[in-house]
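**Q** how does the following fold in three dimensions:
(2 chains)
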Amino acid sequence: MDANAAESSRLRGKGRPRTSETAIPSLIEILNLIRTERASTRQELEREAELGRAVVADRLQLLSDLNLVDESELGHATGGRAPRLVKFSARRGLILLATLDQMSIGVGVSDLSGNLLTQHHEAANLTAPVAQLADRLTSLFNWCLERQVTPTAPWGISLSVPGTVPSGRDDAFMTTTPPVLPAWEDFPLVETLTRQFGVPVWIRSSVETMAMGELHVGAGHGLRSMLFVKVGRRIGAGIVCDGQLYRGAQGAAGLIGALPVVSDGVAGTLDVMAGSNMIEREGRAAAESGRSPVLADLLRRGTEITSIEVSQAAQIGDTAASAILSKSGHLIGQVVATLTNALNPEIIVLSGTLVQTNDNLLAGIRETVYGASHPLVTRDLRIICSQMGSSAGLVGAARVASEALFSPSFLKDWILHGKPNMHPGFVAFHGLADKAEPPPPNHLPPSDPRRIEP
Amino acid sequence: MAIVLHTLDGDWTKQQISGMLGIFGDCGVVVTEVIDCGFSVNRQVSELDRLIVAAPDAIVALPVANEQVAAAFRRVSESGIRLILLENVPTGLLPGKHYTSLVSSDNFGLGKMAAAGLAPHLVEGAAVGVLGFAADFFATNEREIAFANWLQANRPDVRSHVRRFGAMDEAAELALQMIADHPDISAFFVVWDTPANAVATRLQSAGYTPAMATVDLGEDVAIALAAGRQFVSVAAQLPFQQGVAAARTTILALLDRTVPAWIAIPGMSVAQSNVADSFQIIWRKPAPARRCACLALRPDGKSRTVRSVSIG
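**A** Just a heads-up that it's a prediction; the model follows:
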């Protein structure tokens, strides 16, 4: 606890130690009610937390001393004196965010409530050595911190990665680097970022972070159940039940791309039979055989046929390209229909460049899901395309960190210190990361962020 | 529909408007207002609030600030008006939720282009002065990040010294100070052309002629580039094409078609060899007469004489 908080505790505690263990649960409850905007006045806090006026006043004073809440604003008067608004000090710290996928990296900064303040995206090659990636991330994070108008310290780092992140022993914060990609096995990315920035790191799969983004600020905002489906080379689902993202026992929930499907007598996994690799392959064949005049013309002019070209050709009415995307849509629809019957979501949000560049895939999925589901399940079901694009991953990553920072089990051990990097478990891990041998020099690319001044 | 811009002064804005109005006219979309915010946050906020009452189908707007105008832009989208942003997204606004699309220059590409153009003029182990903009402005931030990124990836031998100016008239003095602090600086990158030209002029009068790279082919920089005075690489935006793209995006959005959340218009790399052609493409008018008269160049880099130049 810092000096001010201790002083306040002495002055207002009237002989009773306010920061005893018994105060922490109510302190956490009050902070989270304010943070999630379920209560914004003392009266609302008393009602929501079912705590007495003196206890609420006492905890608010302590939270104010810790600079976690702010009571300087007045609300609207409803007859008597205007109530003082209690607001979470979301700008007390920053969360550094990054989304990594096969072709690009995005970085961003959010406040502690997960509101995105800045974002930046650039092309990147994820098959490049992971040390280079770590170096680039560090440079961009330093850049983001440097450009803050009011210098503010980071409180956490949240990464979105293109692969499953096992859950289990790293629940509070990451202490090991998950082997998301083969090259990550021998590079301590989490430890390196912890050492560089001195804050806890969280990592989730891109499907999970995008689903979180969609749930909190996108099409799923305010809903309790949602199915999020990302279509790319691989096809994955994010499952939201009772307003929470379901991760499963191993953090592997939603790997629907591994499910077997059959098309034209050929069996294979959904990834292989309906993913963008299939669309690209079939599109190239349609171009070479001349079945698709639009794609054949592109090929003649030397354009490489990728799934995006097929998608665009379908959008302007090319029959062969439309058929390829419809086939993919129907196959994805079969699997999504099964999930829809099992989960009964309020909304299905489809994401990925392929979905967002043409209507055929969406139409194929809709047709199959509506046709293959129980009428009760589809009565009010909406199936839409995500509008958030690449921002969804960053927004979702911010929410992952924000929820982890303020989850009662983590918060209870740092709240009295005022900052999460004072959490005893994190202090111990940071010490270990500091002492660990840095990655060998051949891992370090020629660029070093310290070369750039100031 | 309405167009709300930071300023109506300058060729960049005029070309943007020209690009937009042509397409809107072709498609039968009536532009009811073109608003000049005079770089004022208060003015932009009050104009947006006034437009919410007027309720056009769509607004194309260039935000003059980040956080200070965010609430006003949110009110626009909440009122159901389609919002197409130019260049910059106010803090916290999200595609699909608060705005339809952002149409901007590929500022990251421009930064890389400037670095790639400057690199051949840098000797092994050279030092480069980078003059960024101190305000937290997305476009200049992107250019600066990209410039550093390209050098890190392609010329790891080059060292960068970065300073940022708050006002344009500070840039030249800051450059002199940088040379005093780091006498090995042999080249400069300045994030846009007006301060870059001021830097070049001031340094030249102090006896320094470093190789210069910048973004945007303003008239002064075009003349200097053509004459081979200091400027060696300019990454130019294409404002007319950006206006066309913004108008097309707006029309598609009004037709309820899906549009990308972010549309980036690639820039054009300009060197001494293609300055005359590039000037015409960028500004939709002939290159300035006095520059053409002194030196006009073919795409292969060899000089040629311009027989008749009467406009410019």
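
**Q** which regions of the chain lie under the pLDDT threshold?
**A** Picked chain A for this. Along chain A, segments meeting pLDDT under 70 span A:1-21, A:168-171, A:438-454.

**Q** should've been chain B
**A** B:289-312.

**Q** what parts of it come near chain A?
**A** B:91-92, B:94-97, B:108, B:136, B:138, B:141-142, B:145-146, B:148-149, B:152-153, B:156, B:159-163, B:258, B:260-262 (C-beta under 8 Å from any C-beta of the partner chain). (Each C-beta comes from the backbone N, C-alpha and C, glycine too.)

**Q** in space, what's closest to residue 117 - neighbours in sequence excluded?
**A** Since no chain was named, I'll use chain A. Using C-beta to C-beta, 6 or more residues apart in numbering or on different chains and skipping residues adjacent in sequence, the residue nearest residue A:117 is residue A:109, 4.9 Å away.

**Q** my bad, the chain I had in mind was chain B
**A** In this structure, residue B:117 finds its nearest non-sequential neighbour in residue B:233, 2.5 Å apart by C-beta to C-beta, 6+ apart.

**Q** quick one: residues in contact with the helix or strand hosting the one you found.
**A** When secondary structure is defined by DSSP states H and E, residue B:233 falls within strand B:231-236. Outside strand B:231-236, the residues that touch it by C-beta atoms under 8 Å, 6 or more residues apart in numbering or on different chains are B:109-111, B:113-114, B:116-118, B:121, B:143, B:193, B:196, B:200, B:211-217, B:221-222, B:224-225, B:267-272, B:275, B:278, B:282.

**Q** the residue nearest to residue A:117 pairs with what?
**A** Per DSSP bridges, the residues bridged to residue A:109 are residue A:96, residue A:118.

**Q** any idea how far it lies from chain B?
**A** According to C-beta to the nearest C-beta, to the nearest Å, residue A:109 and chain B sit 10 Å apart.

**Q** my guess is that residue contacts residue A:95, does it?
**A** Yes: the pair residue A:109 / residue A:95 is scored as a contact, 7.1 Å apart, by C-beta atoms under 8 Å.

**Q** list the contacts for the residue nearest to residue A:184 when sequence neighbours are not counted?
**A** In this structure, residue A:184 finds its nearest non-sequential neighbour in residue A:130, 5.4 Å apart by C-beta to C-beta, 6+ apart. Listed by C-beta under 8 Å, 6+ apart, the contact set of residue A:130 reads A:181, A:183, A:184, A:187, A:189.

**Q** which among the residues of chain B next to chain A end up buried?
**A** A residue is treated as buried here by neighbour count (16 or more other C-beta atoms under 10 Å in any protein chain shown); on that basis the buried members of those are B:91-92, B:94-97, B:108, B:136, B:138, B:141-142, B:145-146, B:148-149, B:152, B:159-163, B:258, B:260-262.

**Q** take the residues you listed and keep only those in strands.
**A** Using DSSP state E, the members of those that fall in strands are B:159, B:160, B:161, B:162, B:163, B:262.

**Q** tell me where the stretch 51-200 of chain B has helices.
**A** With DSSP state H, counting those that start in this stretch as the definition, the stretch 51-200 of chain B shows helices at residue ranges B:67-78, B:107-118, B:138-154, B:171-181, B:193-205.

**Q** the third one vs strand B:231-236, what angle?
**A** Per axes from the mean of the first three to the mean of the last three C-alpha atoms, to 10 degrees, the angle that helix B:138-154 makes with strand B:231-236 is 130 degrees.

**Q** can I assume residue A:402 sits in a strand?
**A** No: with DSSP: H, G, I helix; E, B strand; the rest coil as the criterion, residue A:402 is located in helix rather than a strand.
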